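Q: Here is the input, now give the coordinates:
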Amino acid sequence: MLERYLVEHCSPTLASIKTANLFNMPYASWKELDGQLKSLKQQFAEKGISLSVVRKREGTALIYVYRRQKLKEDLTKPGVAEFLQTYGYENTDVDQAIERLHMRLEKGGNFPHEIGLFLGYPLGDVKGFIENAGKNSRCAGCWKVYCNECETMKLFERFRKCREIYLRLWQQGKPVWKLAVAA
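A: I've put the predicted structure just below:
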């Protein structure tokens, strides 16, 4: 079941056309899910892909799948560090930033909308979403778009096609770790 979730929700990241994806994974046994995650972490590590449980609840885990190098580049883009500082991120070191995000997710309360930056969303769209309380977007796909509508819609189409192709290949028997592109 974990492989299906990875293909359905993370194909663009596995194909290295998106920084990261996030999905909620139901589980009956934490021990079983943790074992599957450990196995996939080893297989994906050689391809530059990391998996992390960023929030765990009874019967469900929020799993973050990301390309470390792409995330590092995204977090050092102009304006990102200053923006994240307003949410208590002391720096843009990948591990420390993910740890801060994990803390904000576990804390409860309002969902940390800066998470979009960890998923490869443009800063302008993340700010637009927060400033507009999720309303008044120009369009929506994987996220709500406030800037560069035409360019982003083309990107959403690439993500859709990627997901479609990966799902077909996986259903034909190709293991998910073999679908992942090396960094």
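
Q: This protein: strands as residue ranges?
A: 20-26, 49-57, 60-67, 139-140, 144-145 (DSSP state E).

Q: wait, which of the ones you listed is closest to residue 178?
A: strand 49-57 (12.5 Å; C-beta to C-beta). All C-beta spots, glycine's among them, are computed from the backbone N, C-alpha and C.

Q: Next, give phi and psi for residue 78.
A: Residue 78 adopts backbone torsions of phi -50, psi 130, taken as degrees, to the nearest 10.

Q: and it, how many residues sit next to it?
A: Look at residue 78: counted by other C-beta atoms under 10 Å, it has 7 neighbours.

Q: What are the neighbouring residues in contact with it?
A: If you count contacts by C-beta atoms under 8 Å, 6 or more residues apart in numbering, residue 78 has none.

Q: Excluding sequence neighbours, find me the nearest residue to the residue nearest the centre of the chain.
A: What sits nearest the mean C-alpha location of the chain, by C-alpha atoms, centre = their mean, is residue 21, with 2.3 Å. Using C-beta to C-beta, 6 or more residues apart in numbering and skipping the chain neighbours, the partner closest in space to residue 21 is residue 10 (4.1 Å).

Q: Per-residue pLDDT of the one you found, please?
A: At residue 10, the model reports a pLDDT of 98.

Q: For it, give me its contacts.
A: Listed by C-beta under 8 Å, 6+ apart, the contact set of residue 10 reads 21, 23, 65.

Q: Burial check on the second one, number of neighbours?
A: In this case it means residue 23. Residue 23: 15 neighbours (other C-beta under 10 Å).

Q: and it, what is it in contact with?
A: Listed by C-beta under 8 Å, 6+ apart, the contact set of residue 23 reads 5, 8, 9, 10, 62, 63, 65.

Q: Identify, from the residues you listed, the entry nearest to residue 110.
A: The closest of these to residue 110 turns out to be residue 62 (C-beta to C-beta; 15.3 Å).

Q: what's the spacing between that closest one and residue 141?
A: Taking C-beta to C-beta, to the nearest Å as the measure, residue 62 falls 21 Å from residue 141.

Q: Could you do residue 34 as well?
A: According to C-beta to C-beta, residue 34 stands 32 Å off from residue 141.

Q: Also residue 63?
A: For residue 63 relative to residue 141 (C-beta to C-beta), the value is 21 Å.

Q: Having no further points to raise, I will conclude here.
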